[in-house]
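> what shape does this take:
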Amino acid sequence: MEKFDVVVIGGGPGGYPAAIRAAQLGAKVALVEREALGGTCLNWGCIPTKLLIAGADALTSIKAAELFGVTAGSVAFDYGVLWARKNTVVAQLKEGVSGLLKANGVTGIKGTGAFLDRNRIVVAAPKGQRLLETAKTILATGSRSIVPRFFPASPRILESKAVLDLQALPKSLIVVGGGVIGCEFACMAARMGVAVTLVEMLPDIMPLLDADVRRELKRHMEKSLGIRILTGSGISEIADTGSSVTGKVGETTLEAGLMLVAVGRAPVSDGLQLEQAGLTTTSTGHIAVDEYGQTRVAAIYAIGDVTPGAQLAHRATSEGLTVASNAVTGKPAKVEKLVPSCIFTSPEVGNVGLTETEAQAKGLAVKIGKFSFASLGKALAGGHPEGFVKWIADAATDRLLGAHVIGHSATELIAEAGAAIRAELTTAEFGRTIHAHPTLSESWVEAAHALHGLSIHAVNRKRA
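Below you'll find the model as predicted:
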């Protein structure tokens, strides 16, 4: 029996930082990972998809070069080269994670962990079982793609992980699911010349975004990228013809070279033998935790996608660091609840804090301040006039409650807004913060001024 202070099950963006932090605080730590260090994010999610999107960015920039007086001539694109670079970068980052774990004295164990009781874990490893005794356990097992049973088994019907293994793009693609994953893949493929049809059974894509942000994204996807978007009806009669995949949406028959199923992700909690430790899952398979990341069993914590909440790598990382400290020091700190969201569509989307819809549901009286990139010098100079930024503030106190941005570099711009909301700034205070000119971040100041009807570079609504 090997003895540890902390055992972390799952080596993704929540698990490996938790293991390192626990070791930094003086604990003897083991990290159990059954597949690949870095988890979905590093191997089949955040990093590889953003690398491919970076390739689409490069291709788009070259095609638009004439706007800046640059004549590029004919442009050749080899997806195979980009795919190979994806693998190289992922391998490099995985090696870096492995090195960090070793440098911090974390014992890495390849295998599948399951509870014998709340303080003993058995790991089914390639070279036989290993028994671990631990004072504290952190569960960071993540999530997996959902593929409903009515989709037939076919090499032409894939979930997101399998799509990333393709060494060549299809000429046409049906994307089922208008959430983050579906829209990101749809935009990437369309920018690389693939004919894309996106199907969403709900009335609109990206239902968690405010309506004005959804409209802007949908307009660009349809008019600028040529993506066909079908909403309000699911897909049925799905079949593999031998050379393509077909399906029906209402009375419309669709056909494409491949189909991507992106209808959501489910927590990976099966196989842990939670009942042996005195735990159960919710009806959705999640592990319930309190505001400190602790389960109903005091010695066991859980973080990231296996718990209820936003399925985001940075949420898992933040929770991992907090929970590791809680487990080792015994000084409880609450996990952070203000989690920004970054969506790498074209254009990008970022949001943090409350949406207008959420504020209304809470019965809050709010004021809105918006500023369009079409009125911003840096955006026009760079050839990216699409989109806007938006503040949501408490009408009575002027305190910032939420922020949203759609446009070029939105995923970078949202960080400042998150810091401002966390610092409990008012729009007036933020509006007095000098931002360098010319920059895209100036848009936040203009939006703060616009909320009070005082924007300099936009026509304001008449003040009451």
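> quick one: buried residues of the lengthiest strand in the chain?
Ranked by residue count under DSSP state E, the longest strand found in the chain is strand 128-139. Neighbour counts over strand 128-139 (16 or more other CB atoms under 10 Å) mark 130, 132, 134, 136-139 as buried. Quick note: C-beta positions are derived from backbone N, CA and C, even for glycine.
> pLDDT added to these, as TSV?
Shown next, in TSV, are the buried residues of strand 128-139 (pLDDT from 0 to 100):
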residue	pLDDT
R130	94
L132	97
T134	98
K136	98
T137	98
I138	98
L139	98
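> quick one: the strands in the stretch 201-350 of the chain?
Using DSSP state E, counting those that start in this stretch, the strands found in the stretch 201-350 of the chain span residues 228-231, 236-240, 245-249, 252-256, 258-261, 265-267, 300-302, 341-343, 348-353.
> got the angle for the second one vs strand 245-249?
What it means is strand 236-240. Here the directions of strand 236-240 and strand 245-249 differ by 170 degrees (axes from the mean of the first three to the mean of the last three CA atoms, to 10 degrees).
> show me what strand 236-240 is packed up against.
strand 245-249 (3 or more CB pairs under 8 Å, 6 or more residues apart in numbering; DSSP states H and E).
> return the distance of stretch 214-227 from the chain's centre.
On the basis of CA atoms, centre = their mean, to the nearest Å, stretch 214-227 sits 20 Å off its chain's mean C-alpha point.
> what bits of the protein have low per-residue confidence?
Applying pLDDT under 70 to the chain picks out residues 461-464.
> ok now the biggest helix by length in it, how far from the chain's centre?
Using DSSP state H, we find that the single longest helix of the chain is helix 79-103. Relative to the centre of its chain, helix 79-103 is centred 19 Å away, using CA atoms, centre = their mean.
> now do the helix or strand following that helix: everything it contacts.
On the C-terminal side of helix 79-103, the closest following helix or strand by DSSP states H and E is strand 107-110. Outside of strand 107-110, the residues within contact range by CB atoms under 8 Å, 6 or more residues apart in numbering are 2, 4, 11, 28-34, 37, 98, 101-102, 123, 125-126, 130, 132.
> stretch 140-155 too?
Against stretch 140-155 from outside (CB under 8 Å, 6+ apart): 8-12, 14-15, 18, 39-40, 157, 159-161, 236, 238-240, 245, 259, 261-269, 272, 302-306, 311, 316, 320.
> look up the closest residue to Y79, ignoring the ones flanking it.
L169 (5.2 Å; CB to CB, 6 or more residues apart in numbering).
> got a list of what L274 touches?
115, 280-281, 287.
> any idea how far E237 is from the most centrally placed residue in the chain?
Centre of the chain computed as the mean C-alpha position; nearest residue by CA atoms, centre = their mean is L312, 4.5 Å away. Counting by CB to CB, to the nearest Å, the gap from L312 to E237 is 35 Å.
> now A381
50 Å.
> leaving out sequence neighbours, find the closest residue to L260.
Per CB to CB, 6+ apart, closest to L260 is V175, 4.8 Å.
> which ones are touching that neighbour?
By CB under 8 Å, 6+ apart, the neighbours of V175 are 182, 185-186, 189, 196-199, 259-260, 262.
> my guess is E255 contacts S244, does it?
Yes. E255 is within contact range of S244, at 5.2 Å (criterion: CB atoms under 8 Å).
> let me see the contact set for I47.
I47 touches 38, 41, 89-90, 93, counting by CB under 8 Å, 6+ apart.
> which pair in those spans the largest distance?
C41 and V89 (13.2 Å; CB to CB).
> give me the more crowded residue out of these two.
A count of neighbours by other CB atoms under 10 Å puts C41 above the other of C41 and V89, at 23 against 16.
> tell me how far that one lies from V106.
From C41 to V106 the distance is 18 Å (CB to CB).
> repeat that for E429.
In terms of CB to CB, E429 sits 43 Å off from V106.
> the two: which has the busier surroundings?
Remark: of E429 and V106, V106 carries more neighbours, 25 against 15, as counted by other CB under 10 Å.
> isn't the more buried one right next to Q24, touching?
No. With contacts counted by CB under 8 Å, V106 stays clear of Q24, the gap being 9.9 Å.
> setting aside sequence neighbours, what's the nearest residue to A56?
R191 (4.0 Å).
> just E356 next, same as before
In space, E356 comes closest to D210 once its chain neighbours are excluded; the distance is 5.1 Å by CB to CB, 6+ apart.
> over to T397?
Distance criterion CB to CB, 6+ apart; nearest residue to T397, sequence neighbours excluded, is T426 at 7.0 Å.
> ok, and what's touching stretch 59-76?
Contacts of stretch 59-76 (CB under 8 Å, 6+ apart): 77, 191-192, 346, 383.
> redo that, cut-off 7 Å
77, 191-192, 383 (CB atoms under 7 Å, 6 or more residues apart in numbering).
> show me what counts as buried in stretch 365-372.
Buried, per 16+ other CB under 10 Å, within stretch 365-372: 366-372.
> save the residues you listed as TSV, and put in distance to K331 and secondary structure too.
Converted to TSV, the buried residues of stretch 365-372 look like this (distance: CB to CB, whole Å; DSSP: H, G, I helix; E, B strand; the rest coil):
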residue	distance to K331	secondary structure
V366	36	strand
K367	39	strand
I368	40	strand
G369	39	strand
K370	42	strand
F371	42	strand
S372	47	strand
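> nearest to A436, of those residues?
For the buried residues of stretch 365-372, the nearest to A436 is F371 (16.4 Å; CB to CB).
> please report phi then psi for the nearest residue to D5 once chain neighbours are set aside.
Spatial nearest neighbour of D5, excluding adjacent residues (CB to CB, 6+ apart): A27 at 3.9 Å. The phi/psi pair for A27 (degrees, to the nearest 10) reads phi -80, psi 150.
> using the record's assignment, carve this structure into domains.
As assigned by automatic domain parsing, the chain contains the domains 2-144+266-329, 157-263, 347-451.
> now the terminal residues of the second one, how far apart.
Between the opening and closing residues of domain 157-263 we find a distance of 13 Å, counting by CA to CA, to the nearest Å.
> thought V29 was touching I9?
No. The criterion here is CB atoms under 7 Å, and V29 misses it with I9 at 11.9 Å.
> look at the two and report which has more neighbours.
Using other CB under 10 Å, the more surrounded residue of V29 and I9 is V29, with 30 against 27.
> beta-bridge partners for the more buried one, please?
V6 (DSSP bridges).
> what residues are up against it?
4-6, 8, 19, 22-23, 106-107.
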